[in-house]
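Enquirer: This is a predicted model, with the sequence first.
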Amino acid sequence: MWKWLHLLAKPDRLYRLCGQWLPWLAVATACTLAFGWGWGFVFAPPDYQQGESYRIMYIHVPAAMWSMGIYAAMAVSAFTGLVWQMKMSDLVARAMAPIGAAFTFIALVTGSAWGKPMWGTWWIWDARLTSELILLFLYMGIIALYHAFDDRRAAGRAASILILVGVVNLPIIHYSVQWWNTLHQGSSGLLQQAIAPEMRIPLRWSILGYLLFFITLTLSRLRNLLLLTEQHRPWAREIAHQEIKK
Amino acid sequence: MSSAFHSWSQFWAMGGYGFYVWLSVCVALLVMSVLVGHSAHQRRHLLTMIVTKQDREQRILAAKKRKQNAGAKS
């Protein structure tokens, strides 16, 4: 187990491992998303209250869930990087940040497009929406910090600290619908138990699809970051020559 | 299992909510493809940069060697 972990800490091994997993994960992502969305958009029955508009759920809910999930994963990675001084952990957190920001953006925009027909407004400054917006700003601040330093180690440390401070926002987002009065509906349970099965199953597939999308993209961005930080090493040069000649 | 819609036009109309539903779909797909495109572009850019840098280093080394050889002859 420990030996295996040490192998992960070696950039060239990690690069190759990512490369081996990428094609399979990409195919799995495409299939799962197509299946979940296809089922949700075509075959799931309309909602008795919201009609067809509830289908936005299949885009909105997974994005919102993973916008927080990615942040938690990033925080674990940043913590590991800070405490055990693992260079790779910093890179992993850095690879995840833009994906988290993108998911948060999707959640906000689709939420807005769902709110307009259902609540009558695109935006309202209530707890759930505002705390999710703060999450987007946190992601943008973290990405900006990574680019603000010439020294990548220093940038990694600074961003990791901001990531860990921002964790306080996660429970606020999650419990916002209970702690404050809000237009946003309450939680449907951690496993969406409150949703009818014929709508829930495609939702779960979509959630899985978003997770796979996140993993695939993290590995691909991690590979880029490894090339960037190790560009002067022989292994990176060898790979670059092989790939360019192809 | 049967489709929830009877025709394509019904599907595109989404019970009158078409604009909102398809707006969400477009935004999500657009953001996801930008992410994928950016990663792929970044990768190509990095690989070419590494190769050009290395070629340049080799050219500089070769030029230095030529200079030394020329200096030794004269």
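Expert: Done, it's in. Numbering: from 1, shown residues only, chains lettered A, B, ... in the order given.
Enquirer: got any ranges where the chain has weak pLDDT?
Expert: You didn't pick a chain, so chain A it is. A:1-7, A:186-187, A:189-191, A:246 (pLDDT under 70).
Enquirer: Chain B, not that one
Expert: For chain B, the stretches with pLDDT under 70 are B:1, B:73-74.
Enquirer: For it, just list every one of the helices.
Expert: All helices of chain B, identified by DSSP state H, fall at B:8-13, B:18-73.
Enquirer: Tell me the spacing between residue A:40 and residue A:207.
Expert: According to CB to CB, to the nearest Å, residue A:40 and residue A:207 sit 11 Å apart. (Glycine included, C-beta is placed from N, CA and C.)
Enquirer: Residue A:152 now?
Expert: 33 Å.
Enquirer: who has more neighbours, those two?
Expert: The residue with more neighbours, out of residue A:152 and residue A:207, is residue A:207; 20 against 16, by other CB atoms under 10 Å in any protein chain shown.
Enquirer: Can you give me every residue that contacts the more buried one?
Expert: Counting by CB atoms under 8 Å, 6 or more residues apart in numbering or on different chains, residue A:207 touches A:36, A:61, A:62, A:65, A:66.
Enquirer: neighbours around residue 8, how many?
Expert: This is for chain A. If you count neighbours by other CB under 10 Å, residue A:8 ends up with 13.
Enquirer: wrong chain, I was asking about chain B
Expert: Around residue B:8 there are 8 residues (other CB under 10 Å).
Enquirer: Next: residue A:197.
Expert: Taking other CB under 10 Å as the criterion, the count of residues near residue A:197 is 8.
Enquirer: before we move on, what about residue A:203?
Expert: Residue A:203 has 20 neighbours, counted by other CB under 10 Å.
Enquirer: swap in the one 10 residues further on?
Expert: By other CB under 10 Å, 25 other residues sit near residue A:213.
Enquirer: which parts of the host helix or strand of it are buried?
Expert: Per DSSP states H and E: residue A:213 is located in helix A:197-229. Counting neighbours by 16 or more other CB atoms under 10 Å in any protein chain shown, one finds that the buried residues in helix A:197-229 are A:199-203, A:205-229.
Enquirer: Give me the distance between the next helix or strand after that helix and the centre of its chain.
Expert: Using DSSP H and E, the helix or strand that follows helix A:197-229 towards the C-terminus is helix A:234-245. Between the centre of helix A:234-245 and the centre of its chain there are 30 Å (CA atoms, centre = their mean, to the nearest Å).
Enquirer: Hey, what's the angle from helix A:234-245 to helix B:18-73? Just curious.
Expert: For helix A:234-245 against helix B:18-73, the angle between stretch directions is 110 degrees (axes from the mean of the first three to the mean of the last three CA atoms, to 10 degrees).
Enquirer: Tell me where chain A has helices.
Expert: Ranges of helices within chain A are A:2-8, A:11-38, A:57-84, A:87-119, A:127-148, A:152-166, A:169-179, A:197-229, A:234-245, based on DSSP H.
Enquirer: can you pull the buried residues of the second one?
Expert: The neighbour-count criterion (16+ other CB under 10 Å) identifies A:11, A:14-15, A:18, A:22, A:25-26, A:28-29, A:32-33, A:36-37 as the buried residues of helix A:11-38.
Enquirer: Switch those over to CSV; also include distance to residue A:244.
Expert: Output for the buried residues of helix A:11-38, formatted as CSV (distance: CB to CB, whole Å):
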residue, distance to residue A:244
A:11, 20
A:14, 21
A:15, 16
A:18, 19
A:22, 18
A:25, 24
A:26, 22
A:28, 28
A:29, 27
A:32, 33
A:33, 31
A:36, 37
A:37, 36
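Enquirer: picking that back up, which stretch among the helices of chain B approaches chain A most closely?
Expert: Of all these, helix B:18-73 sits nearest to chain A, with 3.9 Å by CB to the nearest CB.
Enquirer: anything in the closest one near chain A?
Expert: Yes: using CB under 8 Å from any CB of the partner chain, helix B:18-73 reaches chain A at B:20-21, B:23-25, B:27-28, B:31-32, B:34-36, B:38-40, B:42-43, B:46-51, B:53-54.
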